[in-house]
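Colleague: Test case, fold it:
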Amino acid sequence: MDDFDLFKADAESFGAAVLTQKSLVDTKERLGAMLDVMPIGLLIHTEQGILFSNKAACGLLHAEPARLLGQHVFDYLRSSDVDRVALALQTLFAGMAETCDLEAVVEVAPRSSRLVRVIASRLPWPGTPVIQLLLNDITDQKRAENSLRQLTITDELTGAYNRRHVCYEAAL
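Modeller: Numbering: from 1, shown residues only. Predicted coordinates:
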């Protein structure tokens, strides 16, 4: 093999490396765009703070992506929910659990809050433990559920409790 063949092989290798790098950058941009159109909030989180947030999470938390970076999800939770959520996330970070599913209240503005279902799971990445948090706003769903429950246990005309109320209370 002469110098020209080596140069040609190096040029082809360099060209392949450039194409690979371009493909990876393109894939990252497409993945980011795909995550941004998800209708559910997504946070990528380390123990130290948020690394990534999609548009739905930013909308739910009323924050710009740059403001969320480095903050902690606890900064947005109702204070009475922080300990319970912290315990669940600690088990994920420690590798003692793969997923957790819970409900918590997010404080989005002064005197305004939303009930969210949080599904968290540990990501199988090497190095620093990373988890993903899926945030689904269930406020309206819970209100409808409570309204339907109230309709089933009270008389529509008088508002008095009916026999279903006794069965419902007994089940609790």
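Colleague: tell me what the helix or strand that contains residue 148 is packed against?
Modeller: Assessed by DSSP states H and E, residue 148 sits inside helix 139-153. Judged by 3 or more C-beta pairs under 8 Å, 6 or more residues apart in numbering; DSSP states H and E, helix 139-153 is in contact with strand 112-122, helix 163-171. (Glycine included, C-beta is placed from N, CA and C.)
Colleague: for it, the distance to its chain's centre please.
Modeller: 25 Å (C-alpha atoms, centre = their mean, to the nearest Å).
Colleague: Make 16 the first number, not 1, from now on.
Modeller: Shifting the count to begin at 16 puts that one at helix 154-168.
Colleague: mind saving the C-alpha coords of it as PDB?
Modeller: Extracted C-alpha coordinates of helix 154-168, given in PDB (Å, rounded to 0.1, in the frame of the first residue of the first chain):
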ATOM      1  CA  THR A 154     -56.500  18.000  38.200                       C
ATOM      2  CA  ASP A 155     -59.500  18.100  36.000                       C
ATOM      3  CA  GLN A 156     -59.800  14.300  36.000                       C
ATOM      4  CA  LYS A 157     -59.900  14.200  39.800                       C
ATOM      5  CA  ARG A 158     -62.400  17.000  39.900                       C
ATOM      6  CA  ALA A 159     -64.700  15.100  37.500                       C
ATOM      7  CA  GLU A 160     -64.200  11.900  39.500                       C
ATOM      8  CA  ASN A 161     -65.100  13.600  42.800                       C
ATOM      9  CA  SER A 162     -68.100  15.200  41.200                       C
ATOM     10  CA  LEU A 163     -69.300  11.800  39.900                       C
ATOM     11  CA  ARG A 164     -68.800  10.200  43.300                       C
ATOM     12  CA  GLN A 165     -70.800  13.000  44.900                       C
ATOM     13  CA  LEU A 166     -73.600  12.500  42.400                       C
ATOM     14  CA  THR A 167     -73.700   8.700  43.100                       C
ATOM     15  CA  ILE A 168     -74.000   9.100  46.900                       C
END
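Colleague: What are the buried residues along that helix?
Modeller: Using 16 or more other C-beta atoms under 10 Å as the test for burial, helix 154-168 gives residue 168.
Colleague: who touches that helix?
Modeller: If you take C-beta atoms under 8 Å, 6 or more residues apart in numbering as the criterion, helix 154-168 is touched by 129, 130, 131, 176, 177, 179, 180, 183.
Colleague: the inter-axis angle of that helix versus strand 127-137?
Modeller: If you take axes from the mean of the first three to the mean of the last three C-alpha atoms, to 10 degrees, helix 154-168 sits at 110 degrees to strand 127-137.
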